[in-house]
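[1] Prediction below, plus the sequence it came from.
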Amino acid sequence: MTDTTEDLYIGDDGTLDTIVCYKDHEFRFSSEYRFSFDSDEQFLEEVKEEVKDWYSLEKTLEQEL
């Protein structure tokens with residue numbers, strides 16, 4: 001498991017996809033995209049804002065339902 005700031009890390013759900021975990025949610029990326037970076041740290045830094053945006057959107061939608 002690779003940790004970065006703000007509870008963002010790479011998880012494993014048994015698929016070939018890359019799972020990025022943030023708080024209580026999982027976000028799926030292609031492993032091909034993940035391995036296009038020199039390190040997991042670089043990958044996580046690149047997707048951090050996107051994951052945070054998705055997380056905020058999911059939380060907003062949950063509140064509206």
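    On my side now, so go ahead. Values in this document were obtained by computation on a predicted structure and should not be read as measured data. Numbers count the residues shown, from 1 in each chain.

[2] Please count neighbours and contacts with C-alpha atoms only from this point.
    OK.

[3] Please enumerate the helices of this protein.
    Along the chain, counting by DSSP state H, helices occupy 31-34, 40-64.

[4] Buried residues, the shortest one. List them.
    Applying a neighbour-count criterion of 16 or more other CA atoms under 10 Å, one finds residue 34 buried in helix 31-34.

[5] who wins for proximity to residue 23 among the helices of the chain?
    The closest of the helices of the chain to residue 23 is helix 40-64. By CA to CA, the value is 8.7 Å.

[6] Go through that closest one and flag the buried ones.
    Going by neighbour count (16+ other CA under 10 Å), the buried part of helix 40-64 is 40, 43, 44, 47, 48, 51, 55.

[7] Let me know whether the third one touches residue 8 as I believe.
    Yep, that's residue 44 we're talking about. Yes. Using CA atoms under 8 Å, residue 44 is in contact with residue 8, at 7.4 Å.

[8] Spatially nearest residue to the residue nearest to the spatial centre of the chain (excluding sequence neighbours)?
    When CA atoms, centre = their mean is applied to the chain, the residue found nearest the centroid is residue 20 (2.7 Å). Leaving out its chain neighbours, the residue that sits closest to residue 20 by CA to CA, 6 or more residues apart in numbering is residue 10, at 4.6 Å.
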